[in-house]
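*Asks:* fold the following, please.
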Amino acid sequence: MTPFPFPSPPYISSHLPPAPQPSKASSAAMAPPSVSTSHLLITASLPKPKPSSLRPPRLPLAKPLPAALLALAAAPALAADAPAPPPAPSPAPAPELQAEAPTPTANPFANSLLTAPKPSAAADLPEGAQWRYSEFLSAVKRGKVERVRFSKDGGLLQLTAVDGRRATVVVPNDPDLIDILATNGVDISVSEGEAAGPGGFLAFVGNLLFPFIAFAGLFFLFRRAQGGPGAGPGGLGGPMDFGRSKSKFQEVPETGVTFLDVAGADQAKLELQEVVDFLKNPDKYTALGAKIPKGCLLVGPPGTGKTLLARAVAGEAGVPFFSCAASEFVELFVGVGASRVRDLFEKAKAKAPCIVFIDEIDAVGRQRGAGLGGGNDEREQTINQLLTEMDGFAGNSGVIVLAATNRPDVLDSALLRPGRFDRQVTVDRPDVAGRVKILEVHSRGKALAKDVDFEKIARRTPGFTGADLQNLMNEAAILAARRDLKEISKDEISDALERIIAGPEKKNAVVSEEKKRLVAYHEAGHALVGALMPEYDPVAKISIIPRGQAGGLTFFAPSEERLESGLYSRSYLENQMAVALGGRCHVSQGKWLKDLDSVRRLDKLR
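*Replies:* From the prediction side, this is the model:
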């Protein structure tokens, strides 16, 4: 064992005096030299130097120099009187020095290898560049985080640990985070720009792509408005066709509806049968010099089946059916409505013979000259184009226009003249026989009980249109399903009728016995006076069940003749006044004041 001092940096030099060379026999028993506590002698087993060697060989350190210096800083742990470390291994013949097996030695500084301890600050910190939020809070509370830097949106932060490591943390919505950081002495700062996190690149790309996509969308929108490359002035969507807009119509090649599906409008079907014959056999009429009618106007109250009749005409004739609402022609920009009319008739002429149906034509066909825009009103532009298409210089052979309205009095006179709407077909409310047929049509596919009598139902529903009767049967089916029944009986139909006329039944209403008695007297007074009047409607049903705003109801069956004609005699109106006052025989206050209002209204009609 040959002790030698470290040379100057990168080794540590020794200030000990040179030790005498002991003999091989006494080297093992040599006492350790005395050294000061401020110097450290590191020894190692070395091969015997060659005579030509002028300086002792350098021993490679077991640890890097910074670690050795860190260990030397903690010199109190290695005092001069520390026990002797195990001896270094015997020298190998190779030039590199190898450690020997530890053997006892009297030299306390022999074979001393210094190992720098791992810093305690980084021993229990999470690994990686991305920390979980729980790990971040734990490190903050243990004082292992020196500073944090939040992103601009506050959703991400970058931390710097006490050992210099950096990591990112996704920050949830935690209102106590700032207090926790401030309590533990963490330096807090906010980034002026976006944080460089996992989503930073995607956000950067998104910020670049969004303006590009918006610009591309506007570019293609303008290109489409101009008709694309090579679109000329008269082409589709060209500059000279700025107002062109496709009309929102429905084209049905085959409607599948015939006159058998239309009930209660026998007179209207008879008049429209000629239109069907015109479409089926036009040569029969043209051979005699007759002209096919250009249009037919269906007039009637709402719900009488005008649209269904138009579909039935197309179905009977077997021609395409174009339908649209007149309100779809009128837009904010002047010229759009006229453009849609042209577009509609261009497609109809290509499919001639066909039928064009315009519903609620009073929305666009009102009397001209009353608009706010004067002669440049959009509605007037549209109706002018419609008049031109129906009977202008260009013919429209094979295209028959059917229109529906419930206000023929507001239509323009030029629209109703011969050559445009040649015929007006009135679609009235159905009579008793018509209502029976309509009930039979709308009861198809419904399980009816044997006690259902359509004749009685039709007599209890005077003034009902086809749409009203369809709603009646649908409400009855809903009531039967709600009551877990397999069939629709007359009770469900009767309850559905009362629900439609007077409103739903108030099942949760608490009615005292005294109030029930008063309501019974009141309704009995109406029924008794009505039965005693010589010229009045018969009583159909009396009810004291509260419905809507009424505490009770008395149903009368009005005469069909009076309803259809609308003519009422003086005696009938006086009898109706007496019936309205009949409920005041025993009641003089409360909701019955409505009866007085009815009397005052009837008195004005006398």
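*Asks:* and stretch 474-488, what's its mean pLDDT?
*Replies:* Averaging pLDDT along stretch 474-488 gives 93.
*Asks:* tell me, please, the helix or strand in this protein that averages the lowest pLDDT.
*Replies:* Counting by mean pLDDT, DSSP states H and E, the chain has its least confident helix or strand at helix 65-73, which shows a mean of 42.
*Asks:* tell me the mean pLDDT for the helix or strand that comes right after it?
*Replies:* Counting by DSSP states H and E, the next helix or strand C-terminal to helix 65-73 is strand 130-131. The average pLDDT within strand 130-131 is 87.
*Asks:* what pairs with strand 130-131, parallel or antiparallel?
*Replies:* Strand 130-131 sits in its sheet next to strand 166-170 (parallel), going by DSSP bridges.
*Asks:* check which residues of the helix or strand just after the strand it pairs with are buried.
*Replies:* Downstream of strand 166-170, the next assigned helix or strand under DSSP H and E is helix 177-183. Judged by neighbour count using 16 or more other C-beta atoms under 10 Å, the buried positions of helix 177-183 are 177, 181. All C-beta atoms are positioned from the backbone trio N, CA, C, and that covers glycine.
*Asks:* give the residue spans of the stretch 1-150 of the chain that score low on pLDDT.
*Replies:* Confidence mapping of the stretch 1-150 of the chain against pLDDT under 70 gives the ranges 1-123.
*Asks:* same thing but 80
*Replies:* Where the stretch 1-150 of the chain drops to pLDDT under 80, the residues are 1-124.
*Asks:* do the same with the stretch 251-400 of the chain
*Replies:* Those would be 251-255, 292-293, 327-338, 368-380, 391-398, if you go by pLDDT under 80 across the stretch 251-400 of the chain.
*Asks:* quick one: the helices in it, in order.
*Replies:* 266-280, 282-286, 306-317, 336-350, 378-390 (DSSP state H, counting those that start in this stretch).
*Asks:* so which of those gets nearest Val364?
*Replies:* Closest approach to Val364 among the helices of the stretch 251-400 of the chain is made by helix 378-390 (5.2 Å; C-beta to C-beta).
*Asks:* elements contacting that closest one?
*Replies:* When contacts are defined as 3 or more C-beta pairs under 8 Å, 6 or more residues apart in numbering; DSSP states H and E, helix 378-390 packs onto helix 336-350, helix 413-416.
*Asks:* out of those helices, which gets nearest to Asp359?
*Replies:* It is, among those and with distance given as C-beta to C-beta, helix 336-350, at 13.1 Å.
*Asks:* elements contacting the closest one?
*Replies:* Counting by 3+ C-beta pairs under 8 Å, 6+ apart, helix 336-350 packs on strand 321-325, strand 354-359, helix 378-390, strand 399-405.
*Asks:* any chance of these in JSON lines, with distance to Val427 too?
*Replies:* Below are the helices and strands packed on helix 336-350 laid out as JSON lines (distance: least, C-beta to C-beta, whole Å):
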{"stretch": "strand 321-325", "distance to Val427": "17"}
{"stretch": "strand 354-359", "distance to Val427": "13"}
{"stretch": "helix 378-390", "distance to Val427": "21"}
{"stretch": "strand 399-405", "distance to Val427": "8"}
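*Asks:* neighbouring contacts of stretch 480-492?
*Replies:* Residues outside stretch 480-492 that contact it (C-beta atoms under 8 Å, 6 or more residues apart in numbering) are 446-449, 451-453, 456-457, 473, 476-477, 479.
*Asks:* make CSV from the residues you listed and add secondary structure and distance to Gly583 to it.
*Replies:* Output for the contacts of stretch 480-492, formatted as CSV (DSSP: H, G, I helix; E, B strand; the rest coil; distance: C-beta to C-beta, whole Å):
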residue, secondary structure, distance to Gly583
Lys446, coil, 37
Ala447, coil, 40
Leu448, strand, 36
Ala449, coil, 35
Asp451, coil, 32
Val452, coil, 32
Asp453, coil, 30
Lys456, helix, 26
Ile457, helix, 27
Met473, helix, 32
Ala476, helix, 30
Ala477, helix, 34
Leu479, helix, 29
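*Asks:* out of those residues, which is most surrounded?
*Replies:* Ala476 (26 neighbours; other C-beta atoms under 10 Å).
*Asks:* so what's the nearest residue in space to Pro546 that is not next to it in sequence up against?
*Replies:* Leaving aside its sequence neighbours, Pro546 sits nearest to Lys506 (C-beta to C-beta, 6 or more residues apart in numbering; 4.5 Å). Lys506 sits next to 545-547 when contact means C-beta under 8 Å, 6+ apart.
*Asks:* from those residues, pick the one nearest His522.
*Replies:* Nearest to His522 out of the contacts of Lys506 is Pro546 (C-beta to C-beta; 12.4 Å).
*Asks:* re the thing from before, from the contacts of stretch 480-492, pick the one nearest Phe322.
*Replies:* Once C-beta to C-beta is applied, the member of the contacts of stretch 480-492 that ends up nearest Phe322 is Met473, at 30.7 Å.
*Asks:* the closest one against Val441, yeah?
*Replies:* No - applying C-beta atoms under 8 Å as the test, Met473 and Val441 come out as separate, 9.6 Å apart.
*Asks:* relative to Asn508, how far out is Pro282?
*Replies:* 64 Å (C-beta to C-beta, to the nearest Å).
*Asks:* give me the more crowded residue out of these two.
*Replies:* Comparing Pro282 with Asn508 by other C-beta under 10 Å, the one with more neighbours is Pro282, at 15 against 5.
*Asks:* list the contacts for the more buried one?
*Replies:* By C-beta under 8 Å, 6+ apart, the neighbours of Pro282 are 292, 353, 398.
*Asks:* can I get these in TSV with neighbour count and distance to Gly154?
*Replies:* Putting the contacts of Pro282 into TSV (neighbours: other C-beta atoms under 10 Å; distance: C-beta to C-beta, whole Å) gives the following:
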residue	neighbour count	distance to Gly154
Ile292	16	76
Pro353	18	71
Gly398	16	71
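*Asks:* could you dump the residues you listed to TSV with distance to Leu581?
*Replies:* Converted to TSV, the contacts of Pro282 look like this (distance: C-beta to C-beta, whole Å):
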residue	distance to Leu581
Ile292	59
Pro353	61
Gly398	63
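*Asks:* nearest to Val341, of these?
*Replies:* Closest to Val341 out of these is Gly398 (17.6 Å), distances taken as C-beta to C-beta.
*Asks:* and for the closest one, nearest residue in space, chain neighbours not counted?
*Replies:* Gly398 sits nearest to Ala352 (C-beta to C-beta, 6+ apart), 3.2 Å away.
*Asks:* how many neighbours does the one you found have?
*Replies:* Using other C-beta under 10 Å, Ala352 has 14 neighbouring residues.
*Asks:* and the gap between it and Ala326?
*Replies:* Distance, Ala352 to Ala326, using C-beta to C-beta: 22 Å.
*Asks:* over to Glu492?
*Replies:* For Glu492 relative to Ala326 (C-beta to C-beta), the value is 39 Å.
*Asks:* and Thr554, by the same measure?
*Replies:* In terms of C-beta to C-beta, Thr554 sits 42 Å off from Ala326.
*Asks:* tell me if I'm right that Glu357 and Ala310 touch.
*Replies:* Slight slip there: residue 357 is Phe, not Glu. Yes - counting by C-beta under 8 Å, Ala310 is a contact partner of Phe357 at 4.3 Å.
*Asks:* which residues do the two both contact?
*Replies:* 321, 323, 402, 404.
*Asks:* count of neighbours near the closest residue to the first one other than its chain neighbours?
*Replies:* Setting aside the residues directly before and after it, Phe321 is nearest to Ala314 in space (C-beta to C-beta, 6+ apart), at 3.8 Å. Counted with other C-beta under 10 Å, the burial measure for Ala314 works out to 29 neighbours.
*Asks:* that concludes my questions; thank you for your assistance.
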